[in-house]
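*Asks:* Need the 3D shape of this:
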Amino acid sequence: MNNKYELIYEGKAKKVFSHNDLDKVIIEFKDDATAFNALKKAKFEGKGKLNCLISARIFKLLIKNNIPTHFLELKNENTMIAKKIEVIPLEIVLRNTAYGSLCKQTTIKSGTDLARPLIDIYLKNDELNDPLITKDRIELMNILSSKDLDLIIDLTLKINGILKSFFKNIQLKLVDFKLEFGYDLKKNIILGDEISPDNCRFWDLNQKNDTILSLDKDRFRNDLGGLIEAYSEIYRRINNFL
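*Replies:* This next block holds a predicted model:
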């Protein structure tokens, strides 16, 4: 990245730089992989590029379906230009199928398709290990109003409808995913961050038996190997369809 751009923020998977236009930022996707709140770390060459290209494709699909997002355009294969947003410190997790923490915290069996999508909200705070948070606590902490929270929940459900149906078309089951939102300069709530195998859980519907084939970051979390191959397969299917 050219030195004239100032590094505003560096997260686990991305770097955010200033842009000549104050309304915009430049987001560079890193090859780093982290899991368990960065207790497990590794680098995979090409991961940043794949996540950037996949996210760009999905953002374009969502924009076409009237979902407001921060995405503007690709700068190159691992960098995008996006609207500058004030990030809301909440992680919105939507679950279509029970897996992972939901099964550890409840009596719901892993792999159960939920009767309706479940939305779990987490406080985005590494020091507190991103705890599950209630609507009342969100209001108590003045993070955002109940009206804005309702809008975010409504947007998340709409996004789920669009993505679930799209991924089913390319033989992928959208098990769950994590979203982040923010306010643009006009104080509108828009979708930020990324949509990639880093924050979505995908199961391959092409599997001939009952074995689950994960095509997402679980390949890293659970030491399954083949992370780049899995991400490449996701990108290949999206590219062939869109």
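
*Asks:* CA only for contacts and neighbour counts going forward, please
*Replies:* OK.

*Asks:* Contact partners for Ile153?
*Replies:* Under the criterion of CA atoms under 8 Å, 6 or more residues apart in numbering, the neighbours of Ile153 are Ile119.

*Asks:* Model confidence score at it, please.
*Replies:* Residue-level confidence at Ile153 comes out at 97, pLDDT.

*Asks:* give me the element it is part of.
*Replies:* Ile153 is part of helix 146-169 when elements are defined by DSSP states H and E.

*Asks:* Show me the helices in this structure, by range?
*Replies:* In order along the chain, the chain carries the following helices (DSSP state H): 47-64, 101-105, 135-140, 146-169, 218-221, 227-241.

*Asks:* CA atoms of the third one as PDB?
*Replies:* Put plainly, it is helix 135-140. What follows is the C-alpha trace of helix 135-140 in PDB, where atoms were taken according to Å, rounded to 0.1, in the frame of the first residue of the first chain:
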ATOM      1  CA  LYS A 135     -31.400  -6.200  23.800                       C
ATOM      2  CA  ASP A 136     -31.800  -4.700  27.300                       C
ATOM      3  CA  ARG A 137     -28.100  -4.600  27.900                       C
ATOM      4  CA  ILE A 138     -27.500  -3.000  24.500                       C
ATOM      5  CA  GLU A 139     -29.900  -0.200  25.500                       C
ATOM      6  CA  LEU A 140     -28.400   0.000  28.900                       C
END
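
*Asks:* Show me which residues of that helix are buried.
*Replies:* For helix 135-140, burial by neighbour count (16 or more other CA atoms under 10 Å) applies to Ile138.

*Asks:* hmm, back to that, ok now the helix holding Ile153, how far from the chain's centre?
*Replies:* The chain centre lies 12 Å from the centre of helix 146-169; the measure is CA atoms, centre = their mean, to the nearest Å.

*Asks:* how about it as CSV, C-alpha atoms only?
*Replies:* Coordinates of each C-alpha in helix 146-169 appear next as CSV, following Å, rounded to 0.1, in the frame of the first residue of the first chain:
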residue,chain,number,x,y,z
SER,A,146,-34.1,-0.2,20.0
LYS,A,147,-35.3,1.3,16.7
ASP,A,148,-31.9,1.0,15.1
LEU,A,149,-31.4,-2.5,16.5
ASP,A,150,-34.8,-3.6,15.0
LEU,A,151,-33.6,-2.2,11.7
ILE,A,152,-30.4,-4.2,11.9
ILE,A,153,-32.4,-7.4,12.8
ASP,A,154,-34.7,-6.8,9.8
LEU,A,155,-31.8,-6.2,7.4
THR,A,156,-30.1,-9.4,8.8
LEU,A,157,-33.2,-11.5,8.0
LYS,A,158,-33.5,-10.0,4.5
ILE,A,159,-29.8,-10.7,3.9
ASN,A,160,-30.3,-14.3,5.1
GLY,A,161,-33.1,-14.8,2.6
ILE,A,162,-31.0,-13.6,-0.3
LEU,A,163,-27.9,-15.5,0.7
LYS,A,164,-29.5,-18.7,1.7
SER,A,165,-31.3,-19.0,-1.7
PHE,A,166,-28.2,-17.9,-3.6
PHE,A,167,-25.9,-20.4,-2.0
LYS,A,168,-28.4,-23.2,-2.3
ASN,A,169,-28.2,-22.6,-6.1
